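*Asks:* Sequence first, predicted model second:
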Amino acid sequence: MWKRLGIGRACACRIERSRRLFLVLGATQLLAATLLLAAARADDGASVTIDNFTFSPQTLTVAAGTTVVWKNNDDIPHLVVANDKSFRSKALDTDDSYSFTFTTPGTYNYFCGLHPHMTGTVVVK
Ligand SMILES: [Cu+2]
């Protein structure tokens, strides 16, 4: 009787353990898929880096609805300010980023609020 109960418990425990393993595997796959998606999104070119007082790429073309991320790799702060004032970041310190989602097709010229000679363009199709 006791022995049987013990076996029963062991069985339940084993099922529980395999279920947990399954969950962990599922979570790992989900994480991997998310990372892949993030990588794919970065490959879309919807990101602009700021390096050595330069926005790169200088002109970025994206589809409407795309979120563009600017990241400052310089040791000094920069801003991202639209000429038409449709978007404006706060001062971005080193490694800070700013994102803006472009919903309306058009050509958006922007500059750095601290260094106006730094300019860039986002073309939204
Ligand atoms: Cu600047």
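*Replies:* Happy to help now that I have it.

*Asks:* Tell me which residues touch A64, please.
*Replies:* Residues near A64 by CB atoms under 8 Å, 6 or more residues apart in numbering: F102, T103, T104, P105, V124, K125. All C-beta atoms are positioned from the backbone trio N, CA, C, and that covers glycine.

*Asks:* one more time with 10 Å
*Replies:* A64 is in contact with T101, F102, T103, T104, P105, G106, V124, K125, counting by CB atoms under 10 Å, 6 or more residues apart in numbering.

*Asks:* Scan these and report the most crowded one.
*Replies:* Highest neighbour count within the contacts of A64: F102, with 22 neighbours (other CB atoms under 10 Å).

*Asks:* confidence score at that one?
*Replies:* In this prediction, F102 carries a pLDDT score of 96.

*Asks:* so it touches Y108, yeah?
*Replies:* Yes. Judged on CB atoms under 10 Å, F102 makes contact with Y108 at a distance of 6.9 Å.

*Asks:* and the closest residue to L60 other than its chain neighbours, what helix or strand is that in?
*Replies:* Spatial nearest neighbour of L60, excluding adjacent residues (CB to CB, 6 or more residues apart in numbering): V122 at 5.1 Å. Per DSSP states H and E: V122 is located in strand 119-124.
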